[in-house]
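**Q** Okay, sequence plus prediction incoming.
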Number of protein chains: 2
Amino acid sequence: MKESLLKVAAIQFEPIIGQKERNVNKMIKLIGKAADQGAKLIVLPEMANTGYVFATREEAYGLAEPVPEGPTAKKLGEIARERNVYIVSGICERDGINLYNAAMFVGPEGYIGKYRKNHLWDVDKVWAEPGDLGFPIFKTPFGRVGIIICYDGWFPETTRIYNLQGADIVCDPTNWVVVPGIITAEKPISAYVHMAMAHVNGIFLVCADRIGTERGTTFLGNSCICGPGGFVAGPASFDKEEVLIAEINLTDARRKQWTPFNQIILDRRTDLYDALLGYKTGKLHAW
Amino acid sequence: MKESLLKVAAIQFEPIIGQKERNVNKMIKLIGKAADQGAKLIVLPEMANTGYVFATREEAYGLAEPVPEGPTAKKLGEIARERNVYIVSGICERDGINLYNAAMFVGPEGYIGKYRKNHLWDVDKVWAEPGDLGFPIFKTPFGRVGIIICYDGWFPETTRIYNLQGADIVCDPTNWVVVPGIITAEKPISAYVHMAMAHVNGIFLVCADRIGTERGTTFLGNSCICGPGGFVAGPASFDKEEVLIAEINLTDARRKQWTPFNQIILDRRTDLYDALLGYKTGKLHAW
């Protein structure tokens, strides 16, 4: 049990806004490419089937699909069964009148579950409801899986919560954007933030980002596979389609020890945090 | 008020274990060098006056001093007044029978306060008591200052708590160590972890690390000054004495906004965190 090897893939590509059929076909082709190389867990970008920068809520509504009943979820389910792989992909979800920036998880045995982005970024706030499924852990034959989406990663609370719930690996379908002067192709802070969060939590993080420019928004690429010891693969290029693959040892995510004196979880000073981190600190919004 | 400029310095040097007089003289010399270059806030490494790897608790006890009554604190207070600067320095503290891995803060107007390391690393656990002063914020004419020490930085909770309390800048006297296979001169994850925490919190972090090898423990150097946009200065060298200086704009730490839709603090989903991050989650130690 010292080795629990798993080959994971982060697929970096450019979805085209509104062209669902083209995007899903592209996703299936790239999933095939990753499976050909032996990947067992394959992560695709946020909103991979629809694109990201909607002009109106109506546009999003027209493209969104129920999960797992919709056509995109069904097609991903089929290829997961055919290729005997696990797939986490961003998807534009509709549930009744509500829209969500979501991620779906399927495996060879069928539909596993979904996650809804808890921290909405920019235009998300125009069309999507904030996530209402918490931070679910999905059990698989290879280990425990959590999901975040993009901006969620800027909140250290998210990866911490997954760590405290026992996650071995967190999948991050993402659409990291360039933030002029702060996050750029030359200064891809996003990848380093996720490397840091994987390290301090002693878990794996698979970040699959998109590339390209859509309606004035430029995406960062830089997909990466991060572990307790830093980058395992990537960061990938800023602007090229890539299938990033690495074999990781999930046992490393359960060895929560830096030294015989230091444990990642037990060393937390929850006695000091409780009063200061929560909802009830009156000072929260005073600054 | 768009610019609140402050020149800060991170002093990277090699304390010699047990040689307090030599170390304090060295610190004073390097503080002078930083002040000559206009630095107003000067940060020195953890345990700068005594060295770090004690062989026994007795050795630590013999070297520890009360703060602010002891000779090291007095000398740092004198030079702060003489040079009209603010100094944050690691110090081995004794308070009655209790020993602490502490940091002291002095300015031109005298003693300001102290911090005691809340997350004890490795040999700290043999001689030091865990910090019992919480996460204090110190008010200064230039802004609000927090302090962490070394391993504290591996707990995203610490920098988050300072952010939520309104800190503009967090000083980190540190003794980052090489962790074979994980944190090395070639892969200085420590600096990137702190860059990430400064970024996601929109605050400044000044990390002053030591260099050299002491009783088998090798330190990482890589001192750095980090801000909302990443590294402002550094990371410094792995093994050279350096006075790292940068002028930062503290106004940037109060502009907690990524886009007109996204605020660093308001976007937190405390409704989801509360039950999962705290002391009372039964599952905390079950994994």
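**A** Thanks, I have it.
**Q** Let's see the pLDDT reported for the residue nearest to A:Glu14 when sequence neighbours are not counted.
**A** Nearest residue to A:Glu14 in three dimensions, chain neighbours excluded: A:Gly212, at 3.7 Å (C-beta to C-beta, 6 or more residues apart in numbering or on different chains). For glycine as for every other residue, the C-beta is placed from the backbone atoms N, C-alpha and C. Looking at A:Gly212, its pLDDT reads 98.
**Q** What backbone torsions are found at A:Gly212?
**A** phi 100, psi 170 (degrees, to the nearest 10).
**Q** Would you mind finding the longest helix in chain A?
**A** helix A:20-36 (DSSP state H).
**Q** Buried ones in it, by neighbour count?
**A** With burial defined by 16 or more other C-beta atoms under 10 Å in any protein chain shown, the residues of helix A:20-36 counted as buried are A:20, A:23-24, A:26-28, A:30-32, A:34-35.
**Q** from the residues you listed, which single one is nearest B:Thr72?
**A** A:Ala34 (58.1 Å; C-beta to C-beta).
**Q** which residues does the closest one contact?
**A** A:9, A:11, A:42, A:85, A:243, A:245 (C-beta atoms under 8 Å, 6 or more residues apart in numbering or on different chains).
**Q** How about the contacts made by the first one?
**A** Counting by C-beta under 8 Å, 6+ apart, A:Ala9 touches A:34, A:37, A:39, A:41-43, A:206, A:243-245.
**Q** again, only this time at 10 Å
**A** A:30-31, A:33-35, A:37-44, A:85, A:87, A:206, A:208, A:223, A:225, A:233, A:242-246 (C-beta atoms under 10 Å, 6 or more residues apart in numbering or on different chains).
**Q** And what about it, helix, strand or coil?
**A** For A:Ala9, the secondary structure call by DSSP: H, G, I helix; E, B strand; the rest coil comes out as strand.
**Q** Run through the bridge partners of it.
**A** Counting by DSSP bridges, A:Ala9 is bridged to A:Ile42, A:Ile245.
**Q** That one and chain B, how far apart?
**A** 23 Å (C-beta to the nearest C-beta, to the nearest Å).
**Q** what do you get for the third one?
**A** The spacing between A:Ile42 and chain B, counted by C-beta to the nearest C-beta, is 26 Å.
**Q** Near that residue, how many other residues are there?
**A** 31 (other C-beta atoms under 10 Å in any protein chain shown).
**Q** For it, give me its contacts.
**A** A:7-11, A:27, A:30-35, A:76, A:79-80, A:83, A:85-89, A:171, A:206, A:208, A:243, A:245.
**Q** Apply 6 Å and report the result again.
**A** Going by C-beta atoms under 6 Å, 6 or more residues apart in numbering or on different chains, A:Ile42 touches A:9, A:31, A:34, A:85, A:87.
**Q** Out of those, flag the one nearest to A:Asn118.
**A** Nearest member of these to A:Asn118, counting by C-beta to C-beta, is A:Ile87, at 21.2 Å.
**Q** What number of neighbouring residues does that closest one come out with?
**A** Look at A:Ile87: counted by other C-beta under 10 Å, it has 28 neighbours.
**Q** so it is in which element?
**A** strand A:86-95 (DSSP states H and E).
**Q** What residues sit buried inside stretch A:217-229?
**A** Per 16+ other C-beta under 10 Å, stretch A:217-229 contains these buried residues: A:218-229.
**Q** do that stretch and chain B meet?
**A** Yes: counting by C-beta under 6 Å from any C-beta of the partner chain, contacts between stretch A:217-229 and chain B involve A:Gly229.
**Q** what's the first-to-last distance across that stretch?
**A** End-to-end distance for stretch A:217-229: 32 Å, by C-alpha to C-alpha, to the nearest Å.
**Q** what is the mean pLDDT for that stretch?
**A** 98.
**Q** Stretch A:260-269 now?
**A** 90.
**Q** Give me the contacts around that stretch.
**A** A:202, A:256-257, B:118-119, B:122, B:125.
**Q** Repeat the analysis, applying 7 Å as the threshold.
**A** A:164, A:201-202, A:256-257, B:118-119, B:121-122, B:125, B:155, B:284-285 (C-beta atoms under 7 Å, 6 or more residues apart in numbering or on different chains).
**Q** just to revisit the earlier point, contacting residues around whichever helix or strand comes after the strand holding A:Ile87?
**A** As assigned by DSSP H and E, the chain's next helix or strand after strand A:86-95 is strand A:98-107. With C-beta under 7 Å, 6+ apart as the test, strand A:98-107 has contacts from A:46-47, A:60-61, A:64, A:67-68, A:73, A:76-77, A:80, A:86-91, A:93, A:112-117, A:120, A:124, A:127-129, A:131, A:138, A:140, A:145, A:147, A:149, A:173.
**Q** Could I get the average pLDDT for strand A:98-107?
**A** For strand A:98-107, the mean pLDDT works out to 98.
**Q** who's in contact with the closest residue to A:Ala185 other than its chain neighbours?
**A** Spatially, and ignoring its direct neighbours in sequence, A:Ala185 is nearest to A:Phe238 (4.2 Å; C-beta to C-beta, 6+ apart). By C-beta under 7 Å, 6+ apart, A:Phe238 lies in contact with A:185, A:220-222.
**Q** now, which of the residues you listed lie within helices?
**A** Among the contacts of A:Phe238, no member lies in helices (by DSSP H).
**Q** Burial check on the residue nearest to A:Glu14, number of neighbours?
**A** A:Gly212 has 17 neighbouring residues, counting by other C-beta under 10 Å.
**Q** one step back: roughly how far is the longest helix of chain A from the heart of the chain?
**A** 18 Å (C-alpha atoms, centre = their mean, to the nearest Å).
**Q** Give the rounded mean pLDDT of it.
**A** 98.
**Q** Just the C-alphas of that helix, formatted as PDB.
**A** C-alpha atoms of helix A:20-36 as PDB (Å, rounded to 0.1, in the frame of the first residue of the first chain):
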ATOM      1  CA  LYS A  20     -21.800  22.800 -28.100                       C
ATOM      2  CA  GLU A  21     -21.600  20.000 -30.600                       C
ATOM      3  CA  ARG A  22     -18.100  21.000 -31.800                       C
ATOM      4  CA  ASN A  23     -16.900  21.400 -28.200                       C
ATOM      5  CA  VAL A  24     -18.200  18.100 -27.000                       C
ATOM      6  CA  ASN A  25     -16.700  16.300 -30.000                       C
ATOM      7  CA  LYS A  26     -13.400  18.000 -29.300                       C
ATOM      8  CA  MET A  27     -13.600  16.900 -25.600                       C
ATOM      9  CA  ILE A  28     -14.300  13.300 -26.600                       C
ATOM     10  CA  LYS A  29     -11.400  13.300 -29.000                       C
ATOM     11  CA  LEU A  30      -9.000  14.700 -26.300                       C
ATOM     12  CA  ILE A  31     -10.400  12.300 -23.700                       C
ATOM     13  CA  GLY A  32      -9.600   9.500 -26.100                       C
ATOM     14  CA  LYS A  33      -6.000  10.800 -26.500                       C
ATOM     15  CA  ALA A  34      -5.600  10.900 -22.700                       C
ATOM     16  CA  ALA A  35      -7.100   7.400 -22.400                       C
ATOM     17  CA  ASP A  36      -4.700   6.100 -25.100                       C
END
